[in-house]
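What follows is a predicted protein model with its sequence.
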Amino acid sequence: MSTKAYTRTNNLTRLAPLVLFLTSYMPLFILIIVRQTIANSDYLVWGGLNFDALLCLIKHFGISLLCLVLTIFGLIGTYVVFENLQLKVENGYTIKTIDVSSMNDEPLAYIATYVIPLMFEDYSNLPNCLTIIGIFYIVYRLYVRSKLLLVNPILSLKYSIYSFRYMDGDIERQGVLISKDNDILESDCIKVYNIGYQLYYGYKRVLI
């Protein structure tokens, strides 16, 4: 196993962090759609194709339509991202873990901290919407610069997240791994592909 390429850092393309961010908020988007639709159910009548009907749609269901578009875009984009990672991981390298701990409980804290407080806002109020958009932008900027990139309640339905340490020659390094494997342990060999600073995608490799 080569020990000279471990320090190389690959970064996801600009749209990849965005779609991962959008899918991490998909539970909130769905709750907003359901909540606003129920609250404004009296306006769910056909008003014809005219300017007044369009204004009514935007006023009472605009944020829901936006959430629907963002959800679809996020899901499709995330699917493409992980399909590409599945191909690129073969260009990665094999390491042997010296310490592994599960981070599968992190998405629960993410939901409690970032999703639930925003669920009860009034999204029919323009100032509230502008405030929420501002908050989303700030969280997004923090999100793409941190390990939160892999802390995603939707991804957790299919993938597991680990904090791990390994030896890079004589240097001990650490990182966060997202993998379909749910049983990675100490001393396991894993094939990893770097996707950001201390962020990896990979799978457990059985050496024969």
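Received, thanks.

I'd like the distance between Q174 and P107.
Distance from Q174 to P107, counting by Cβ to Cβ, to the nearest Å: 20 Å. (Glycine included, C-beta is placed from N, CA and C.)

Look at those two and report which has more neighbours.
For Q174 versus P107, neighbours defined as other Cβ atoms under 10 Å are more numerous around P107 (21 against 11).

contacting residues for the more buried one?
By Cβ atoms under 8 Å, 6 or more residues apart in numbering, the contact list for P107 reads V151, N152, P153, L155, S156.

I'd like to know how many residues surround the third one.
A total of 18 residues lie near P153 under the criterion other Cβ under 10 Å.

again with the second one
N152 is surrounded by 24 other residues when neighbours are defined as other Cβ under 10 Å.

repeat for the first one
The number of residues packed around V151, counting by other Cβ under 10 Å, is 24.

That one contacts I161, doesn't it?
Yes - V151 is within contact range of I161, at 6.9 Å (criterion: Cβ atoms under 8 Å).

quick one on the thing from earlier: make JSON lines out of the contacts of P107 and add pLDDT, secondary structure and distance to G77.
Putting the contacts of P107 into JSON lines (pLDDT from 0 to 100; DSSP: H, G, I helix; E, B strand; the rest coil; distance: Cβ to Cβ, whole Å) gives the following:
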{"residue": "V151", "pLDDT": "82", "secondary structure": "coil", "distance to G77": "18"}
{"residue": "N152", "pLDDT": "84", "secondary structure": "coil", "distance to G77": "13"}
{"residue": "P153", "pLDDT": "84", "secondary structure": "coil", "distance to G77": "17"}
{"residue": "L155", "pLDDT": "90", "secondary structure": "helix", "distance to G77": "13"}
{"residue": "S156", "pLDDT": "87", "secondary structure": "helix", "distance to G77": "18"}
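
closest to L44 among those residues?
P153 (29.1 Å; Cβ to Cβ).

separation between that closest one and D52?
39 Å.

which residues in the protein form strands?
Taking DSSP state E as the criterion, the chain carries its strands at 93-102, 160-168, 171-179, 189-196, 199-204.
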